[in-house]
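K.L.:
Build me a model:
(one chain, ligands or ions: 1)
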Amino acid sequence: MDLSATPPPSDRAAPGRPLVEAHGITKRFGPTVALDDVRITIRAGESHALVGRNGAGKSTLVSVLAGLLRPNSGTVRFDGAPAPSLADRGAWHRRVACVHQKPTIFGDLTVAENLFLGRYPTTFGPVISWRRMRRAARQVLDEWHVPVDVNVLAGRLSVEDTQLVEIARSLSRGVRFIALDEPTARLDSSAIDRLFSHMRRLDRAGVTFLYISHHLEEIYEVCQVVTVLRDARWITTAPVGELPRARLIAEITGEPAAAAAAGSVGRPSKADAPLAVEVDRLSGPSFREVSLTVRAGEAVGLAGLAGSGSHQLAEALAGLHRPTGGRIRILGRPLEPGSAWAALRAGVGFVPRDRHYEGLVPDLSVAENASMTITDRLGPLGMITPKARDAFARRTIADLDIKATGPAQPVTRLSGGNQQKVVLARALATDPKVLVLINPTAGIDVKSRRALLSVVDRALTEGRAVLIASDQLEELRVCDRVLVMFKGTLTTEHAAGWTDHEMVASIEGVTLSHE
Ligand SMILES: Nc1ncnc2c1ncn2[C@@H]1O[C@H](COP(=O)(O)OP(=O)(O)OP(=O)(O)O)[C@@H](O)[C@H]1O
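P.N.:
Residues are numbered from 1 along each chain as shown. Okay, the predicted model is just below:
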């Protein structure tokens with residue numbers, strides 16, 4: 001077996017040549033048309049963005065290009081030759097790799113085992129040579145600049161390192177076309193910068209990327225070409241330099257460029273409003289002695305990188321962690337620590353950071369998931385009448401513009417962004433007085449993001465208190481003030497009107513000198 005990290009030169013398509021071509025792709029799921037006569041040509045060595053609203057068909061197209069889904073019609077070609085048959089998984093694995101938001105590595109195997117799964121090096125016949133495997137794994141990770149110990153269990157890796165290991169695994173198989181499906185949705189800003197440096201380095205080494213993201217700034221930063229899908233159809237393909245932001249948004253939404261996103265500047269002061277959240281010298285495993293307040297009708301941002309403790313603090317407010325010291329009061333009453341149920345009863349609505357693991361029950365329908373927190377309100381004696389639940393779900397689907405065939409559709413059949421909207425719907429369903437949101441618009445398309453942020457605005461005018469833990473500037477901008485956490489403590493407070501530069505600097509713990 002060849003364990004060398006670099007594939008033979010013949011595997012590399014000449015730059016600029018069509019490496020992947022799909023024509024006339026139509027894919028239906030029952031009554032849903034996910035792709036309707038879609039085409040795409042991805043040239044060797046380019047980073048090609050694939051954008052569109054939630055449910056536009058992006059992930060479905062990636063699955064077709066990866067041989068994971070058979071289209072109802074259409075053709076896929078690699079380097080000019082017809083794609084292999086779907087049954088020939090090995091042939092697909094050598095041509096294309098997908099890095100999804102849900103990792104495809106095995107948490108209870110080491111990094112080295114994951115890298116060579118199914119192709120372990122052997123000595124003396126069938127005996128696996130662990131030493132050779134570890135050495136080869138180290139060589140692969142060194143070659144692709146992935147600073148990870150090959151002996152650790154993959155389940156202990158950060159999201160960032162998991163993605164890099166997945167990419168390195170594909171590269172070591174000789175794959176030179178990688179589809180990244182919303183790779184930045186669960187990364188903080190410094191991890192995103194590191195991912196982009198990796199992509200640029202790989203780009204120079206001849207790797208071709210198909211890149212899905214709802215963050216259009218990222219498209220302009222790392223991609224050369226962009227393809228827009230809308231309502232399952234191909235809309236345009238153009239060099240990013242020829243598609244200014246406003247036109248790109250117009251192509252995505254099918255509407256003329258809209259006004260700027262909601263911001264907090266201009267909202268009346270909340271200084272006299274009652275305190276809805278009081279956090280007093282709260283400590284936990286990843287934060288120390290944090291004190292803050294949020295008033296009714298006020299939105300407070302809690303900004304910080306992954307290790308800053310901001311997410312854990314938000315989770316403590318929702319009863320997900322038991323703090324090790326300090327107190328929380330909601331609407332003036334002490335909150336029973338470490339009980340999600342108590343937080344819900346106290347009036348806290350919560351959108352967790354990771355919808356795949358904490359947000360949804362995959363086997364249940366849109367209606368069941370959205371109404372899970374309010375079953376007792378939809379019928380007598382806690383019994384849910386299907387009619388009441390359906391009516392509630394229909395209202396929610398319309399309110400949040402969820403793309404679903406109806407209330408009975410299982411959530412697993414929704415696109416990623418629409419699943420996130422169901423999580424938000426569930427948080428809002430309890431009519432909470434306090435909304436705690438972690439990265440609420442992760443995975444949400446540009447138009448829905450504005451709609452969701454205006455839901456936050458509506459919640460504020462209704463007198464709810466909102467705490468948004470995030471490092472996305474667009475999400476923080478809707479806040480009346482932003483508290484920044486760095487390495488477990490609160491370091492800075494920014495009133496509305498901060499500049500991007502100031503905010504990024506304090507999130508990253510950098511002091512700006514004012515000369
Ligand atoms: N397995 C499935 N069964 C039924 N419908 C599906 C399935 N997978 C996707 N769909 C539907 O196909 C359409 C396209 O979904 P897809 O996941 O490709 O969208 P997307 O553009 O990737 O969206 P997002 O940005 O939200 O991730 C959606 O309406 C979705 O509900």
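K.L.:
Which residues of the stretch 351-500 of the chain lie near the ligand?
P.N.:
Residues of the stretch 351-500 of the chain found near the ligand (C-beta under 6 Å from any ligand atom) are Lys403, Arg413, Leu414, Ser415, Gly416, Gly417, Asn418, Asp445. Placement of C-beta: from N, CA and C, glycine included.
K.L.:
Please flag which of those residues sit within helices.
P.N.:
Gly416, Gly417, Asn418 (DSSP state H).
K.L.:
Of the residues you listed - the most surrounded one?
P.N.:
Gly417 (27 neighbours; other C-beta atoms under 10 Å).
K.L.:
for the closest residue to it other than its chain neighbours, helix, strand, or coil?
P.N.:
Nearest in space to Gly417, with sequence neighbours left out and distances taken as C-beta to C-beta, 6 or more residues apart in numbering, is Asn54 at 3.0 Å. What DSSP: H, G, I helix; E, B strand; the rest coil gives for Asn54 is coil.
K.L.:
any idea how far Asn54 is from Val222?
P.N.:
21 Å (C-beta to C-beta, to the nearest Å).
K.L.:
what residues does the protein put near the ligand?
P.N.:
Residues of the chain lying close to the ligand (C-beta under 6 Å from any ligand atom) are 29, 32, 34, 52, 54-60, 403, 413-418, 445.
K.L.:
run the last query once more with 8 Å
P.N.:
27, 29-30, 32, 34-35, 52-63, 181-182, 212, 214, 229, 232, 403-405, 409, 412-420, 443-445 (C-beta under 8 Å from any ligand atom).
K.L.:
Helices of the stretch 151-300 of the chain, start to end?
P.N.:
For the stretch 151-300 of the chain, applying DSSP state H, counting those that start in this stretch gives helices covering 159-172, 189-204, 216-222, 245-253.
K.L.:
what residues does the third one touch?
P.N.:
Contact with helix 216-222 is made by 47, 49, 51, 184, 192, 196, 199-200, 209, 211, 213, 226, 240, 245, 248-249, 446, as judged by C-beta atoms under 8 Å, 6 or more residues apart in numbering.
K.L.:
Put the buried members of those residues into a ChimeraX selection.
P.N.:
The buried subset of the contacts of helix 216-222, as determined by 16 or more other C-beta atoms under 10 Å, is captured in ChimeraX by this line:
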select :47,49,51,184,192,196,199,209,211,213,226,240,248,249,446
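K.L.:
Looking at the ones in helices among the residues of the stretch 351-500 of the chain next to the ligand, which one is closest to Leu473?
P.N.:
Gly417 (19.3 Å; C-beta to C-beta).
K.L.:
in terms of contact, does that closest one touch Lys447 like I think?
P.N.:
No - between Gly417 and Lys447 there is no contact, the gap being 10.5 Å when judged by C-beta atoms under 8 Å.
K.L.:
which residues do the two both contact?
P.N.:
Residues touching both Gly417 and Lys447 (C-beta under 8 Å, 6+ apart) are Arg53.
K.L.:
I'd assumed Ala296 was in contact with Leu460.
P.N.:
No - judged on C-beta under 8 Å, Leu460 makes no contact with Ala296 at a distance of 9.0 Å.
K.L.:
Counting neighbours, go ahead and name the busier of the two.
P.N.:
With neighbours defined as other C-beta under 10 Å, Leu460 and Ala296 compare such that Leu460 has more, 22 against 18.
K.L.:
so what's the more buried one up against?
P.N.:
By C-beta under 8 Å, 6+ apart, the residues touching Leu460 are Arg267, Gly297, Glu298, Ala299, Val466.
K.L.:
Out of these, which sit inside strands?
P.N.:
Ala299, Val466 (DSSP state E).
K.L.:
For the closest residue to Arg169 other than its chain neighbours, give me the pLDDT.
P.N.:
Closest residue to Arg169 apart from its sequence neighbours, by C-beta to C-beta, 6+ apart: Leu115 at 5.1 Å. Looking at Leu115, its pLDDT reads 88.
K.L.:
related to what we said a few turns ago, got a PyMOL select line for the buried ones in the residues of the chain next to the ligand?
P.N.:
Buried subset of those, written as a PyMOL selection, criterion 16+ other C-beta under 10 Å:
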select buried, resi 27+32+34+35+52+53+54+55+56+57+58+59+60+61+62+63+181+182+212+214+229+232+403+404+409+413+414+415+416+417+418+419+420+443+444+445
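K.L.:
how about the CA coordinates for stretch 181-197, as PDB?
P.N.:
The C-alpha coordinates for stretch 181-197 follow below in PDB (Å, rounded to 0.1, in the frame of the first residue of the first chain):
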ATOM      1  CA  ASP A 181     -20.400  22.500   3.300                       C
ATOM      2  CA  GLU A 182     -20.700  25.500   5.700                       C
ATOM      3  CA  PRO A 183     -17.300  24.800   7.200                       C
ATOM      4  CA  THR A 184     -17.300  28.100   9.200                       C
ATOM      5  CA  ALA A 185     -20.700  27.700  10.800                       C
ATOM      6  CA  ARG A 186     -19.300  26.300  14.000                       C
ATOM      7  CA  LEU A 187     -15.900  28.100  14.000                       C
ATOM      8  CA  ASP A 188     -15.000  31.300  15.800                       C
ATOM      9  CA  SER A 189     -13.300  34.100  13.900                       C
ATOM     10  CA  SER A 190      -9.700  33.100  14.600                       C
ATOM     11  CA  ALA A 191     -10.400  29.500  13.500                       C
ATOM     12  CA  ILE A 192     -12.000  30.800  10.400                       C
ATOM     13  CA  ASP A 193      -8.800  32.800   9.600                       C
ATOM     14  CA  ARG A 194      -6.700  29.700  10.100                       C
ATOM     15  CA  LEU A 195      -9.100  27.600   7.800                       C
ATOM     16  CA  PHE A 196      -8.700  30.300   5.100                       C
ATOM     17  CA  SER A 197      -4.900  30.200   5.300                       C
END
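K.L.:
Buried residues, it. List them.
P.N.:
181-192, 195-196.
K.L.:
Farthest pair within those?
P.N.:
Farthest pair in those, by C-beta to C-beta: Asp181 and Ser190, 21.4 Å.
K.L.:
low pLDDT regions in the stretch 401-515 of the chain?
P.N.:
510-515 (pLDDT under 70).
K.L.:
can we see that at 50?
P.N.:
Within the stretch 401-515 of the chain, the stretches with pLDDT under 50 are 513-515.
K.L.:
Show me where it has its helices.
P.N.:
Going by DSSP H, counting those that start in this stretch, the stretch 401-515 of the chain shows helices at 416-429, 446-461, 473-477, 500-507.
K.L.:
Who are the packing partners of the last one?
P.N.:
It stands for helix 500-507. strand 299-303, helix 473-477, strand 481-486, strand 489-495 (3 or more C-beta pairs under 8 Å, 6 or more residues apart in numbering; DSSP states H and E).
K.L.:
And for the first one?
P.N.:
Packing partners of helix 416-429 (3+ C-beta pairs under 8 Å, 6+ apart): strand 348-351, helix 366-370, helix 386-399, strand 434-438, helix 446-461.
K.L.:
buried residues in the last one?
P.N.:
Just to be clear, that refers to helix 446-461. Quick answer for helix 446-461 (16+ other C-beta under 10 Å): 446-453, 455-457, 459-460.
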